[in-house]
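Visitor: no sequence for this one, just the structure:
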Ligand SMILES: Nc1nc2c(ncn2[C@@H]2O[C@H](COP(=O)(O)OP(=O)(O)OP(=O)(O)O)[C@@H](O)[C@H]2O)c(=O)[nH]1
């Protein structure tokens, strides 16, 4: 059986982070190997061993992160390993002051891998430790004697931190907004077909059986558009959406499939409960009084009901059945429920 991609159904950033982590692992292996050699000739054997261990670790991680479903854990593991190795290098009395240049890239790395909140916390912790180690190794005398150099280093580090923090905050909110737009019908604000698919997978995954589905289509909607204009038709669709929201339970998912066709997913609902709700919806829609100028628009809906008790059921066959029942309702004279 084909395994689904580990990024399927995840935010886009998940896929980006996977690629970024792989790139970082390759970089770490490459530069780590260089430092193993450098430290060997500098006779810093402990540091050389730690760097060799880091190289080995990242090489082992490379194939794992490609298919893991626990990407966040691996990002954390990588960062902790990188932090530990570099902190050891910062603390080693024999390394040069330039080893502290690594500190500047850590906030960017942590933010891009872990996001605004955890990336921010991780980098703040790392910067505090690195600052402490710097003072411990070189004392305040160096800071006082070269204020220009100190200001440069502090400014670049703070710059990197603020830039990545702000960038991640904006990126996260843009991603939230985009995914909300991609899952919502703009006219009615109801979930769209893509969100129905997700809700169905979730309900099926949780074993919320029996699972029912109502397919609802307004009758002779074209006549409303033709007689009163498209804007009135839109207002009617929004009113129907409101009615569906009011009449359904919190766990139900009412969505607009397109045109004047709606669907309601009913987890843990058997066919008789679903039929009951469908009859109620039909009656409420029939009793709705939508006003246009001085006219009162008469609305009715036909509803098809499908229900499953089978674990692992898919959305498409259920939609197909509900659609067939809806067609029977239309064919049988409209303003009725068929189950
Ligand atoms: N106002 C408005 N009309 C829409 C929208 N989407 C589709 N429609 C219209 O919905 C109408 C659907 O017409 P039909 O498919 O013939 O259905 P109907 O008139 O409801 O007839 P039956 O379903 O057979 O009862 C068409 O006139 C479409 O232009 C929309 O977003 N807004």
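Guide: Okay, I see it. Keep in mind the model is a prediction, meaning the values are calculated, not measured. Numbering: from 1, shown residues only.

Visitor: ok, for the closest residue to the ligand within the stretch 201-339 of the chain, nearest residue in space, not its chain neighbours?
Guide: At 2.5 Å from the ligand, residue 233 is the closest residue in the stretch 201-339 of the chain, using CB to the nearest ligand atom. C-beta coordinates here come from the backbone N, C-alpha and C atoms, glycine included. Leaving aside its chain neighbours, residue 233 sits nearest to residue 225 (4.2 Å; criterion: CB to CB, 6 or more residues apart in numbering).

Visitor: what about the one you found, is that helix, strand or coil?
Guide: Three-state secondary structure (criterion: DSSP: H, G, I helix; E, B strand; the rest coil) places residue 225 in helix.

Visitor: was I right about it contacting residue 231?
Guide: No - using CB atoms under 8 Å, residue 225 is not in contact with residue 231; the gap is 9.4 Å.

Visitor: Of these two, give the one with the bigger neighbour count.
Guide: A count of neighbours by other CB atoms under 10 Å puts residue 225 above the other of residue 225 and residue 231, at 15 against 10.

Visitor: Distance of that one relative to residue 17?
Guide: 46 Å (CB to CB, to the nearest Å).

Visitor: and what of residue 173?
Guide: Distance from residue 173 to residue 17, by CB to CB: 17 Å.

Visitor: Report pLDDT for residue 313.
Guide: If you check residue 313, the pLDDT there is 86.

Visitor: Can you name the residues that contact the closest residue to it other than its chain neighbours?
Guide: Nearest non-adjacent residue to residue 313, counting by CB to CB, 6+ apart: residue 204, 6.1 Å away. Residue 204 is in contact with 211, 311-314, counting by CB atoms under 8 Å, 6 or more residues apart in numbering.

Visitor: Off-centre distance for whichever helix or strand residue 204 is part of?
Guide: Taking DSSP states H and E as the definition, residue 204 sits inside helix 193-205. Helix 193-205 sits 14 Å away from the centroid of its parent chain (CA atoms, centre = their mean, to the nearest Å).

Visitor: quick one: buried residues of it?
Guide: Using 16 or more other CB atoms under 10 Å as the test for burial, helix 193-205 gives 195-197, 199-200, 203-204.

Visitor: and the angle from the very next helix or strand once past it to helix 193-205?
Guide: For helix 193-205, the following helix or strand on the C-terminal side (DSSP H and E) is strand 211-218. Inter-element angle recorded for strand 211-218 and helix 193-205: 160 degrees (by axes from the mean of the first three to the mean of the last three CA atoms, to 10 degrees).

Visitor: by contact count, what packs against strand 211-218?
Guide: Packing partners of strand 211-218 (3 or more CB pairs under 8 Å, 6 or more residues apart in numbering; DSSP states H and E): helix 193-205, helix 230-247, strand 261-266, helix 271-287, strand 301-308, helix 315-331.

Visitor: Format these as CSV; extra columns: distance to residue 82.
Guide: What follows is the helices and strands packed on strand 211-218, written out as CSV (distance: least, CB to CB, whole Å):
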stretch, distance to residue 82
helix 193-205, 35
helix 230-247, 49
strand 261-266, 45
helix 271-287, 54
strand 301-308, 49
helix 315-331, 43
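
Visitor: That'll do, ta.
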